[in-house]
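Enquirer: Model the following, please.
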Amino acid sequence: MSIAKMIAAHPDVAGNPNEPLALAVRHAMFCAAICNSCADACVAEDMDMRQCIRTCLDCADICDATFKVATRRTGRNEELMQEMLQLCITACDICAEECERHEHAHCRLCAEMCRECARDCRAACETFH
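Expert: Next up is the predicted model:
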């Protein structure tokens, strides 16, 4: 199932799902899951990973809220959607920076996903101008 197809099927979208926004939604969903997984893996590490855990969990929650708001297409709420995308960018950038401080494979993968999500959220923001 494609999130872009689901958004395009919405009566208020009229077949135009805003592809950059649909991609940002998809990657925010993935990013939420990967950040959650990274936080869990950090718990199992022998070193103090408290800050990384906190950053990953915060990012996961923000990505989760972002994709939920962005998939609601009834009515208009572009200002809030832009704010959510901007917050997601900030959370992803912060999380990527924290995860890049560690050599763990899970942190490297999480940082990569966060960078990708932030990039796609930036592209989605540009569609509202």
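Enquirer: Which elements pack onto the helix or strand hosting Arg122?
Expert: Arg122 is part of helix 105-126, with elements assigned from DSSP states H and E. For helix 105-126, the elements it packs on are helix 19-44, helix 50-71, helix 78-99, judged by 3 or more C-beta pairs under 8 Å, 6 or more residues apart in numbering; DSSP states H and E. (Glycine included, C-beta is placed from N, CA and C.)
Enquirer: what angle separates the longest one from helix 105-126?
Expert: Counting by axes from the mean of the first three to the mean of the last three C-alpha atoms, to 10 degrees, helix 19-44 lies at 160 degrees to helix 105-126.
Enquirer: between helix 19-44 and helix 78-99, how big is the angle?
Expert: Inter-element angle recorded for helix 19-44 and helix 78-99: 40 degrees (by the same axes, to 10 degrees).
Enquirer: which residue is nearest the middle of the protein?
Expert: Ala28 (2.6 Å; C-alpha atoms, centre = their mean).
Enquirer: which ones are touching that one?
Expert: Cys63, Asp64, Thr66, Phe67, Ala70, Cys88, Cys117, Cys121 (C-beta atoms under 8 Å, 6 or more residues apart in numbering).
Enquirer: Neighbours of the first one, how many?
Expert: The reference is to Cys63. Using other C-beta atoms under 10 Å, Cys63 has 32 neighbouring residues.
Enquirer: Check the gap between it and Pro11 for me.
Expert: Distance of Cys63 to Pro11, given as C-beta to C-beta, to the nearest Å: 27 Å.
Enquirer: Same question for the second one.
Expert: Remark: distance between Asp64 and Pro11 (C-beta to C-beta) = 25 Å.
Enquirer: Looking at these two, which is more packed in?
Expert: Asp64 (18 against 7).
Enquirer: which parts of the one helix or strand in the chain whose mean pLDDT sits lowest are buried?
Expert: The least trusted helix or strand in the chain, going by mean pLDDT, DSSP states H and E, turns out to be helix 3-8, with a mean of 79. Neighbour counts over helix 3-8 (16 or more other C-beta atoms under 10 Å) mark Ile3, Ala4, Ile7, Ala8 as buried.
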